[in-house]
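Chemist: Provided below for reference: sequence and predicted model.
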Amino acid sequence: MSSIVVSELEYAPPGADSLFFDVSFGVSPGEHAALVGANGVGKSTVLRILSGELPADAGEFAVGGTVLTMTQDVGMSRPGDTLRDMLIEVAPPALRDAGRVMVAAERAMLDGTAAESIEGGMAYAEALTHWGDMGGYELESQWAAAARRSVKSVVDDFHTRLVGELSGGERKRLVLDLLFNAGADVLLLDEPDNYLDIPTRVWLEDQIKAYKGTILMVSHDRTLLERVATKIIVIEGSGCWVHGGSYATFPDARNRRQELLGDALKRWTDEERRLFQHMKIMKARAAQNFKNATKANAAETRWEKFVAAGPPPPPVPDQNIYVNLRGADSARRVVQMIDVSVGDLFLPFSDEIHFGERVGLIGPNGTGKSHLLGALNGTIGRHEGTIGFGPRTSIGTFTQINDRPDFLGRQCVEIVRDRVFDDEKSMKSLARYGLAGNARQEFDTLSGGQKARLEILCLELEGHNVLLLDEPTDNLDIESSEALEKALDGFQGTVLAVSHDRTFLAKLDRFVMITDDGEVYSLPDYDVAMTALSAPDRLATVRLAKPLN
C-alpha cells in the first residue's frame, strides 16, 4: 500500500532544541498532500526523515511501496556536476548506490589513481556490470526520453553535459519528468515548483492531478496548492494538524481552528477555577464539620485529576512578519532602455519604466529575464544598447538564489548591524521578520526562506527606491509572501520583478514578456499576461499587446 503513516515524530538538529515533536499524520494511497508552515519549522526535515536521509530522534513512520525523492536544491548546489551525477541522485536507492560506485570507479580510472592497477580496472568493470544488472541502462533510456521532453537543446551525452548548462527550470523539469514517469508508489517532493516558469507550473499541476500514486510535497505556491492538494498538513506549534481539504478552504479552516482552541482553553480555565473554588469551599466546611471531610477529599481529587490531564493546546501564535519598504521620491523616468540586448538571449528592445510602476518581467525559463536584471544592476557588464537611470535613484537587488558572498560566514545580527549600527535596533529589525531566534545563526545555515527574509530586510534598511527582484517569493513561506506583497503595495518607489508566482504577479501593474524566440512584448495587465504565457502563438491577437523590439 502506498500510504504514509507518521506517529509522534521528533527531531532536534545537533546541539539545538527540538525543531518539532509530536508530529503525527497519515496520507492515504493516491492522496496528494501538502506540507505547509513557516520557514524553518522543519517541513524539509520531515521529508528527509521519511526518505531515510535523516534519523528521527523519536517517533515512528512507515512509507509503503517504492519511494522516490526530490530535494529542494536538486541540481542547484553543484552546477559543475554532470547531468548523470544529478539524475543518479534521484534514482531508486539501489540504483543510486550502484551509480555512485560506478561514477567513483570511472573517475578513479580517469584521474590515473587506478589506471595502472589491475584491481582498479576490475573494480570499474564490476561497477559497470552491477549498474547494468540493476537496470542502469534502462534508466539511462528513461533519462534520454525525459530530456527530449524537458530540455530545449539536445542532450547527447549525460556523462559530459554539465548541470550548469541548463537553466534552473530545465533542471527541475527534467527531474520531475523522470520522477512522474518512473512508476513509484510514493513521491516526496520538496518545493517542486521553484525555478519553474508559469507554463511549466501548469504542466506540473497536470502531472500531479494525473498521478495515481501518493504524493507528499512542500510548496509555497498558493495557486498550485489550491489546484492540486487534496490534504493540507500544517507544521506549527512544534507539532502538526491536518486540514482534510484543498488549500482554497485552508485559511478559513485555520482561523476557525484558532477560535476553537481559544474557546476550549477558556472553557478549561473556567472549569479549573470552578473545581478549585468548590474544593476550597468543601475544605472550609470540613474544617467546621468533619462529616464534610469525605466530600472535601472527593472535590480535591476531582480538581487534581482535571489539572493533571492538562489544558488543551492554546492557539498557535501567528507569525508577525512586518515588512516596511519605505522608498523615496525620484525623477519620473526611472529607467530608460534603448536597443538593449544581452548576447543572443533576446532581440534589442527599448522601453521606459516610470516612478511608482510595478513591472513584471515574465516568460519561459532561459529567455534572459535574470540576465536583463543583471544588466540593469550592473552585475552583467556585457550587454548591447544603452541603460540609463534617472536622478535620485537608488537601486536594491534581490537575488534568485540568495547568492550573497558578503553574507557568508556571518551571523544575522552582524549583517543587520552593518545597516543600522545599533544592537538593539538590529534585534528589533530581525524580530519584525521572524528572525530574532536566528540572530546568532550564520547566514549559511539558514533555511532558504530565512535567507530570503534576511535579504529583503537588508533591502528595507538600505532604503532604496528602485527594487530589482529576482523570484522574491520562491523560498518565502506564504505569510512572508503576503507581508512582502502588502509592503510593495505601499512602497514609495519602483519595482521590476522576475517572478513565476501567479498570486504575486497579480499584484503588479504591467508586464514585459520575453518569448523563446527572443521577441519582447509589452502587456498591459495580468489577464493579458496569463493569456500570452499560456498561448504565446496568440500574442499577435492579444489586445493591446505590442512588441517592444
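Modeler: Yes, it's here. Numbers count the residues shown, from 1 in each chain.

Chemist: From Leu110, how far off is the nearest residue to Leu128 once chain neighbours are set aside?
Modeler: Closest residue in space to Leu128, ignoring its immediate chain neighbours: Met102 at 6.2 Å, by C-beta to C-beta, 6 or more residues apart in numbering. In short, each C-beta sits where N, CA and C put it, glycine included. Distance, Met102 to Leu110, by C-beta to C-beta, to the nearest Å: 13 Å.

Chemist: The two: which has the busier surroundings?
Modeler: Using other C-beta atoms under 10 Å as the criterion, Met102 and Leu110 rank with Met102 on top: 23 against 11.

Chemist: Test my guess that that one contacts Ala127.
Modeler: Yes - shown here, Met102 and Ala127 form a contact pair, counting by C-beta atoms under 8 Å, at 4.2 Å.

Chemist: Please name the residues that touch Arg274.
Modeler: Not one residue lies near Arg274 by C-beta atoms under 8 Å, 6 or more residues apart in numbering.

Chemist: For it, what is the enclosing helix or strand?
Modeler: Following DSSP states H and E, the helix or strand that holds Arg274 is helix 250-288.

Chemist: One more: Ile456?
Modeler: helix 448-462.

Chemist: Now the element after that helix, going C-ward?
Modeler: strand 466-470.

Chemist: Report the secondary structure state of Asp85.
Modeler: Assigned by DSSP: H, G, I helix; E, B strand; the rest coil, the conformation of Asp85 is helix.

Chemist: Give the ranges of residues in the stretch 1-150 of the chain that sit below the confidence cut-off.
Modeler: In the predicted model of the stretch 1-150 of the chain, residues 1, 77, 111-121 satisfy pLDDT under 70.

Chemist: where exactly do the helices run in it?
Modeler: 43-50, 83-88, 93-110, 118-133, 136-150 (DSSP state H, counting those that start in this stretch).

Chemist: so who does Lys305 touch?
Modeler: Per C-beta under 8 Å, 6+ apart, neighbours of Lys305: none.

Chemist: and the helix or strand harbouring Asp339 with strand 466-470, angle?
Modeler: Using DSSP H and E, the element containing Asp339 is strand 333-341. Angle, strand 333-341 to strand 466-470, by axes from the mean of the first three to the mean of the last three C-alpha atoms, to 10 degrees: 40 degrees.

Chemist: contacting residues around the helix or strand that strand 333-341 is followed by?
Modeler: Later in the chain than strand 333-341, the nearest helix or strand by DSSP H and E is strand 349-354. With contacts defined as C-beta under 8 Å, 6+ apart, strand 349-354 is touched by 332-341, 359, 385, 494, 496, 512, 520, 522, 547-549.

Chemist: Output strand 349-354 as PDB, nothing but the C-alphas.
Modeler: Extracted in PDB, the C-alpha atoms of strand 349-354 (Å, rounded to 0.1, in the frame of the first residue of the first chain):
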ATOM      1  CA  PHE A 349      14.300  46.400 -27.400                       C
ATOM      2  CA  SER A 350      13.600  49.800 -26.000                       C
ATOM      3  CA  ASP A 351      11.300  50.700 -23.100                       C
ATOM      4  CA  GLU A 352      10.900  53.200 -20.200                       C
ATOM      5  CA  ILE A 353       9.900  52.500 -16.600                       C
ATOM      6  CA  HIS A 354       8.400  55.400 -14.700                       C
END
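
Chemist: can you pull the buried residues of that strand?
Modeler: 349, 353 (16 or more other C-beta atoms under 10 Å).

Chemist: Quick check: can you name the pairing partners of that strand and their directions?
Modeler: Take DSSP bridges as the rule and strand 349-354 pairs in its sheet with strand 333-341 (antiparallel).

Chemist: what sits against Arg302?
Modeler: By C-beta under 8 Å, 6+ apart, the residues touching Arg302 are 275, 279.

Chemist: at 7 Å what do you get?
Modeler: Applying C-beta atoms under 7 Å, 6 or more residues apart in numbering, one finds that Arg302 lies in contact with Leu275.

Chemist: so is it in a helix, a strand, or just coil?
Modeler: Going by three-state DSSP: Arg302 is helix.

Chemist: Can I take it that Leu216 is in a strand?
Modeler: Yes - in this structure, Leu216 lies within a strand as judged by three-state DSSP.

Chemist: What residues are bridge-paired with it?
Modeler: Ala33, Leu188.

Chemist: Not counting its neighbours along the chain, what's nearest Gly52?
Modeler: Pro93 (7.7 Å).

Chemist: Repeat that for Ala184.
Modeler: Leu68 (4.2 Å).

Chemist: which ones are touching that neighbour?
Modeler: 90, 92, 179, 182, 184, 187 are the contacts of Leu68 under C-beta under 7 Å, 6+ apart.

Chemist: go with 8 Å
Modeler: Residues near Leu68 by C-beta under 8 Å, 6+ apart: 90, 92, 179, 182, 184, 186-188.

Chemist: Check these and tell me the two furthest apart.
Modeler: Val90 and Val186 (13.7 Å; C-beta to C-beta).
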